[in-house]
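Asks: Pasted the sequence and its predicted model underneath.
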Amino acid sequence: MPKRPRPSKRLPVKYPSVPDYESGPTRYNEPTTPVAADRVPGSTFEFDLSIADLRIQIEQLLLRRCSISKESWASLGDAARALLVEMLDDEAIRSREAIFHRLISVLGELSVKRSVAPLAAILTDRSVGNLTKAYAANALGRIGEAAGVEALVASLNVKDEMVRRQVAMALGRIDREAVVPHLIRLQGDKSIAVAEVATRALRDWEQKLGQRLGLKGKRPAEKRRKKKLMPAEER
């Protein structure tokens with residue numbers, strides 16, 4: 001049989017190569033670069049955030065183990081300060097003790113006066129743990145408002161030494177003469193740690209008032225240490 005001719009690889013018609021000046025540049029289907037909202041927030045924030053976005057920013061800062069500067073918190077604005085106060089009653093925040101304590105500490109560092117009432121309620125709540133009460137007392141002292149004195153005085157009889165010590169420190173930070181009688185009372189506390197804090201605060205008040213305060217002639221300790229008697233030398 002005669003062999004069939006192989007098909008030619010060449011095109012039957014030759015077309016001239018014409019450059020294309022109308023088409024745009026080639027586009028590749030690549031993922032877009034993440035925008036700022038998808039990244040981990042830094043210490044500075046954008047303005048005009050919604051309440052939901054602002055809460056997310058605050059919670060992410062509270063979750064950080066490293067300390068956040070006071071200026072970074074202040075840069076969030078008044079809306080964030082109000083939201084921080086509202087978060088004190090949030091059960092989702094209160095259920096996570098470490099986050100709740102960090103929130104209380106931030107309110108104290110920022111001296112948010114609107115938080116005095118809820119912090120006082122935390123301090124006097126019997127269902128709240130002693131560690132949380134110690135944080136609340138510390139925050140009230142840092143804020144330094146007279147409105148927190150009543151709650152601090154109500155905690156003078158708490159059995160936990162740590163809470164009483166923080167109460168003594170808080171009363172010493174509040175610049176109101178009404179705290180002096182309570183500091184005198186704490187100077188005679190059975191715990192030497194509490195008594196020493198009260199004594200240091202009373203010394204500052206003595207300089208302000210120009211008079212002697214406190215329990216005269218009594219050391220801020222549970223008991224005075226007896227002087228150890230050495231045996232007489234043998235002659």
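Replies: Looks like it came in fine.

Asks: The helix or strand bottoming out on mean pLDDT in the chain packs against which elements?
Replies: Using mean pLDDT, DSSP states H and E, helix 70-74 stands out as the lowest-scoring helix or strand of the chain, at a mean of 82. The contact analysis (3 or more CB pairs under 8 Å, 6 or more residues apart in numbering; DSSP states H and E) places helix 70-74 against helix 97-110. All C-beta atoms are positioned from the backbone trio N, CA, C, and that covers glycine.

Asks: Show me which residues of the helix it packs on are buried.
Replies: Residues of helix 97-110 classed as buried by neighbour count (16 or more other CB atoms under 10 Å): Ile99, Phe100, His101, Arg102, Leu103, Ile104, Ser105, Val106, Leu107, Gly108, Glu109, Leu110.

Asks: how does this protein divide into domains?
Replies: Following automatic domain parsing, one finds the domains of the chain at 49-110, 116-222.

Asks: Please identify the deepest-packed of those domains.
Replies: Among the domains of the chain, domain 116-222 has the highest mean neighbour count (mean count of other CB atoms under 10 Å), at a mean of 18.

Asks: for Gly144, what are its contacts?
Replies: By CB atoms under 8 Å, 6 or more residues apart in numbering, the residues touching Gly144 are Ser111, Arg173, Ile174, Asp175.

Asks: For this structure, give me the ranges with low pLDDT.
Replies: Scanning the chain for pLDDT under 70 picks out 1-49, 214-235.

Asks: Swap in 80 and give it another go.
Replies: Within the chain, the ranges that satisfy pLDDT under 80 run 1-49, 65-67, 209-235.

Asks: Let me see the ranges of the helices in it.
Replies: In the chain, the helices defined using DSSP state H lie at 51-63, 70-74, 78-86, 91-94, 97-110, 116-124, 130-143, 149-154, 161-173, 180-187, 192-209.

Asks: correct me, but Leu123 touches Gly141?
Replies: No: between Leu123 and Gly141 there is no contact, the gap being 10.9 Å when judged by CB atoms under 8 Å.

Asks: which residues are common contacts for those two?
Replies: Here Leu123 and Gly141 have Leu152 as joint contacts, going by CB under 8 Å, 6+ apart.

Asks: residues in contact with stretch 204-215?
Replies: The contact list for stretch 204-215 (CB under 8 Å, 6+ apart) reads Gly172, Glu177, Val180, Leu183, Ile184, Gln187, Gly188, Thr199, Leu202.

Asks: again, 6 Å this time
Replies: Residues from elsewhere that reach stretch 204-215 (CB atoms under 6 Å, 6 or more residues apart in numbering): Val180, Ile184, Gln187, Gly188, Leu202.
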